[in-house]
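Engineer: take a look and give me a structure for this.
(chains A and B)
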Amino acid sequence: MYRRLLINIYQVRNGLIHTQNTRLPSTKCKERESFAPVIWAPCTARPLGTSSISFSENKENSTSLSEDKEKRPEENEAKEEVNTDGQKSTEISNATLTLQLETEPVDKPEDSKQVEKTKSGKESLLELLGAMKVEVTTVRKIRPSKTPRMSERPDQEPMESTHSMFQHATAKGSQQQGTLNPALVAAVSAAASTLPNRHQAESELLKQLRKHEAVPDTQRRADGQNIGHIIADMKVGGRKTNGRSSARPTSQIRFDDDGKGYTQDRGITGELDAVRRRKSPFTSKRLNIFTAGMEQDTLSVLGPTLWDIDLANQIVQATNQAPRNGFEEMIQWTKEGKLWQYPINNEAGLEEEASVPFHEHVFLEKHLDESFPRQGPVRHFMELVITGLAKNHHLTVQQKKEHIDWFRDYFRQKDDVLKEAEA
Amino acid sequence: MASSCSQALRHHVCKSSRLLRVHLQKSWTNRSFEGAVCVSSSFALNSAADQQPAVSSPEEIVIPKKKTWSKEAVLQALASTVKRDPTASDYRFQDDPYLTPKTSSEFKLFSLSQESGRNAAKYFINTYPKYFQKDYAQPHIPCLMPDTLEAQIEEVSEAALIERIGMRKVKAAVDLYDQLLQAGTSVSLDVTNQLLDLICFYGDHDPAQENVPEQRNEETEDVQDEPQAKKGRAAKASDLLKATWKEKNNAERIFALLSEPNKHSYSALIRGMVKYGAYSKAFSTYTDLLNSRLKADMHMFNALITAAPEVKEKYNEKWELIVDLLKQMAEQKVRPNLLTLNAVLKALRRCGTVGKSQAFPVISEMKALSIDLSLASYTHLLAIFYKPGAPIQGQTDILQEVMNEVSGKSFTPQDPDDAQFFITAMRICLDTKDMEQAYRVHELLGVGENWRLLGNDFQQNIYYARFFSLLCMMENIDVMLKWYRDLVPSVYYPSSNVMRDLLQALDTDNRLDLIPQIWKDIKQLGHANRQNLVEELLTLMAREKHNQEVQESFAECALDIKKIYDTGDRGKVLLNWTAGSLSDLISVLLAAHRRQDAWDMLKLFKTHNRVPSEELLNKFLMCVKEGGEVNQAVELVQISAGFCLPGTPKLIQRVQQEFELTEQQRKMLSDLEIQSFNSE
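Structural biologist: Take a look at the predicted model:
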């Protein structure tokens, strides 16, 4: 917000306001929202992460009206802050004050413009809101961005102290802009006079100076606003920030997916434990009999001996193997082979059949070899048999072969009868 | 039950959705920076952006590898969603109020009857296999089919020997081996070693067959089947005592027959000797092994280390022998395992002060060999430092050290002694009155599969008894009652002693108003027939004055107790009235202004030949006075005179002064006065 304001100020000065105005509606939202996180970037050391938050927040803002309303008081607050700032630093030149006043009216139409804009999309947004319960989700989404902020508050202290130094510097800078500006301008013009294109160089140098000045200024203000932002957040969602900062990280890690234990730091007792652990007798000197890296015993290759089985049995006897619930009982049954295994597979127990291709089951003519007559009723009968077998899914290939072999034997035994009948 | 289940399930769903989101992050982070923001993915964007600072790597789709789940994976996931329900009894019991155990004896009865039913079924299937040949199951279920208990191969051959070894028929296998040798066929060394294993393992006796009723065993073997009649731990002890290594038994004979015994043969022999108590013989066999230029194996060393404390007298010598064995292990390049460590620690338990100084170096040594300690190691460690019954001096922090090591870890059973850890640790907590460590021990029990290591029902009961006694001693009443509601009676059935502890805890915390509730539990737990417990309860109720409401509930409770005294069990009298219990009961009733009930009780003194105290009669008189019952007052004096109490004259005086008496009553009283005066 304020950066935009300041930019406006300087652009008014530079007479570039027309181009800026055309650009504003597109960047407005982004500018305003990315504002605080960008300031945070240097101290969070995660510039991209935070900027991405700003992305999402930005997007949300464009979708939710309620969010927009939430931001509005912040703006006002920050505005007030600027005013008090102005009162405090009475040495600030009249020029800047007037410029601020000048920008006030500039600001207002923009705001109304924004309201219009959001109103224009209001209907669709309301639809979205109704469908998505944005409020609920936004609360959740903002949370992750908040915890790092909260956790980085201690880090912020030195930053703030340096920042107060900075503020002094900028105060001086603004004073310079007011009181020392003629001298500075004179110096600039003197420096520029050494260059060939005097006017251009002078304006460029001044522009550069102002840019330098603008950055700390915006930073300072933004920081003020940022703190206000945090406070506002606390007011809005005191519940989530209060309990969260302390409770959430531990509980989250404790119940993490990897299932590994996480020893909770218990303040002083935890520290004391750490001290004790350092002196733990478990890390005392060793006997120095064995050297590491010896070969494992090779006896176990022979398979479990009676002794191994007995050891396992003893362990089972000593421990509690009773199931605690129905599922554990089912696990036990699965291990005993009493229960159909999960995931359900209708070919369970047919593992050896899996390697037999289907044609072995279906095309059984090859088994009707020389031992059967080439034609005649026996042949005809056997063809019917293999047709039947081919359709039988209850028998394995081996069983089918045995079936055919039985007939082979049978017909061989009845050979003379058949010959007699001239079959 | 159902609600807890659904809650747990929801928790699980949350967990998996989190997983999903983590997976989605990768693909969506990139997209978000390109500006293609899709609304539906906004929640993922946020978390993705938060956790993954933009990495503008080229988009890459990693197809996850196919994962083969174990057959129990689904069930394990489901089982992990079910939490313990403190209001329900153990899963193994029938879900029927009639069959839910309420006392520890019922618990034992129901769980054993289930097990014995199973064993009976197994017995019938195995005894009459011909009736159980029909195999309906497809795929085939081997464990439902009868076991073959009779040898199938009749001829004398090596295959038959292997079969008998597989069926663990010691006698038959030895006979067959002899027959084979007599027939001149040589048996391969591997099979002979297996036979040696079998003989040594069972100490040259046929094993007692599992799940077989004892009458069947009578014909087979007399030594091993007797423990079947007894139960549990006593059986094991007697088993070990009776079965000893006999001189020149079959194992030694067969071993002597071997032309070239190898490492395995020696190993079997030594382990058998150690198992059956022939310790010095085991060491001499070990010397033989060294003389025949063979190397020992790990199992042999483990057995010898176990035997080491038995063959030496002094602590120092024991330890030196162990160190010597360990050095020989290192020399022969035998890598120790966890069981070696546990054997050393177990041996150190019997080395007194040497154990205390050497335990930690041993553990460090094993840790250097990257052997992870099991709970049995910690059990031995605790046992080394905390001798039961010994005074605790200065070693109190060892438990804390151990808990620092183990807390939060999930252990798998690796040693039969693992199951001793929890009761040992809890015993030490109770001895040292260390509530904090007790909570840590109990917390450890809840981690992972550690509950399995609590051991059988017997050990569970010991553990909870210790834990609960400690709670009664150390915790304030609210916390303790919370635990009480949580543990009793779903996992723990307190004994009458523990219930007395509970009453004392109520007393110290001034929450005697809870007594009627506790009395209900006592009745349910089957301790209502414990004389001293009931008397203690009555004393506590009678001791102090409480407000009207509490007194009223006490009176109800007292009448309930009276019923127990009256009824008895099948004609037998469970509880005997004593003077103390009667007067306590009467005072409780008087405090609740139940004069009539109290009056009835007062008559019981006479019927049970007990003498009421003077104090009680005074109390009673006060109460009678409040009611203004003149007749009762006179009757009271008569009762008092009947017992020839020394306080009778005073009572008479009081009655004469405080009541408006009729002429007849006055006369009677003065008669009594003279009577009592004369008796003195």
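Engineer: residue in the stretch 1-150 of chain B nearest to chain A?
Structural biologist: Distances between the stretch 1-150 of chain B and chain A by CB to the nearest CB are smallest at B:P139, namely 2.2 Å. For glycine as for every other residue, the C-beta is placed from the backbone atoms N, C-alpha and C.
Engineer: dihedrals phi and psi, that residue?
Structural biologist: phi -70, psi 160 (degrees, to the nearest 10).
Engineer: distance of it relative to A:E353?
Structural biologist: 11 Å (CB to CB, to the nearest Å).
Engineer: number of nearby residues for B:S188?
Structural biologist: 11 (other CB atoms under 10 Å in any protein chain shown).
Engineer: again with B:L289
Structural biologist: The burial count for B:L289: 21, using other CB under 10 Å.
Engineer: mind listing what it touches?
Structural biologist: By CB atoms under 8 Å, 6 or more residues apart in numbering or on different chains, the contact list for B:L289 reads B:263, B:266, B:270, B:296, B:300.
Engineer: of those, which ones also sit close to chain A?
Structural biologist: Contacts with chain A within these, as defined by CB under 8 Å from any CB of the partner chain: B:K263.
Engineer: residue of chain A nearest chain B, please.
Structural biologist: A:G349 (2.2 Å).
Engineer: quick one: contacts for the residue nearest to that residue when sequence neighbours are not counted?
Structural biologist: Spatially, and ignoring its direct neighbours in sequence, A:G349 is nearest to B:P139 (2.2 Å; CB to CB, 6 or more residues apart in numbering or on different chains). For B:P139, the contacting residues are A:348-350, by CB under 8 Å, 6+ apart.
Engineer: give me the buried subset of those.
Structural biologist: A:G349 (16 or more other CB atoms under 10 Å in any protein chain shown).
Engineer: from the contacts of B:P139, which is closest to B:I371?
Structural biologist: B:I371 has its nearest neighbour among these in A:A348, at 39.5 Å by CB to CB.
Engineer: show me what contacts the closest one?
Structural biologist: Counted by CB under 8 Å, 6+ apart, A:A348 has contacts A:340-341, B:139.
Engineer: what do you get for B:N618?
Structural biologist: B:647, B:651.
Engineer: report how many residues lie close to B:D513.
Structural biologist: Count around B:D513 with other CB under 10 Å applied: 15.
Engineer: an error on my part: the question was meant for B:T127.
Structural biologist: 14.
Engineer: in space, what's closest to B:I462 - neighbours in sequence excluded?
Structural biologist: Nearest to B:I462 is B:I423, by CB to CB, 6+ apart, at 5.1 Å.
Engineer: need the pLDDT of that neighbour.
Structural biologist: On pLDDT, B:I423 comes in at 92.
Engineer: residues making contact with stretch B:475-484?
Structural biologist: B:435, B:468, B:471-472, B:502, B:505-506, B:509, B:511, B:514.
Engineer: nearest to B:K650, out of those residues: which one, please.
Structural biologist: Closest to B:K650, out of all of these and judged by CB to CB, is B:L506, at 36.1 Å.
Engineer: the closest one against B:W519, yeah?
Structural biologist: No. Applying CB atoms under 8 Å, one finds B:L506 not in contact with B:W519, separated by 11.3 Å.
Engineer: doesn't B:V74 make contact with A:M330?
Structural biologist: No. Counting by CB under 8 Å, A:M330 does not reach B:V74; the two are 9.5 Å apart.
Engineer: which SS class is B:Q653?
Structural biologist: helix (DSSP: H, G, I helix; E, B strand; the rest coil).
Engineer: ok, it to chain A distance?
Structural biologist: Going from B:Q653 to chain A by CB to the nearest CB, to the nearest Å gives 67 Å.
Engineer: how about the contacts made by that residue?
Structural biologist: B:Q653 touches nothing, counting by CB under 8 Å, 6+ apart.
Engineer: can you read off the pLDDT for it?
Structural biologist: On the pLDDT scale, B:Q653 gets 85.
Engineer: what about the spatially closest residue to A:R408 that is not a sequence neighbour, neighbour count?
Structural biologist: Of all residues not flanking A:R408 in the chain, A:S371 sits nearest, at 5.2 Å (CB to CB, 6+ apart). If you count neighbours by other CB under 10 Å, A:S371 ends up with 13.
Engineer: quick one: contacts for the nearest residue to B:S490 once chain neighbours are set aside?
Structural biologist: The shortest distance from B:S490 to any non-neighbouring residue, by CB to CB, 6+ apart, is to B:P86 (5.1 Å). By CB under 8 Å, 6+ apart, the contact list for B:P86 reads B:485-487, B:490.
Engineer: now list the buried members of those residues.
Structural biologist: Among the contacts of B:P86, those classed as buried by 16+ other CB under 10 Å are B:487, B:490.
Engineer: and the contacts of B:P86, which is closest to A:K285?
Structural biologist: Closest to A:K285, out of all of these and judged by CB to CB, is B:L487, at 42.7 Å.
Engineer: and that closest one, how far is that from B:K83?
Structural biologist: 15 Å.
Engineer: go on, B:D135?
Structural biologist: B:D135 is 39 Å from B:K83, by CB to CB.
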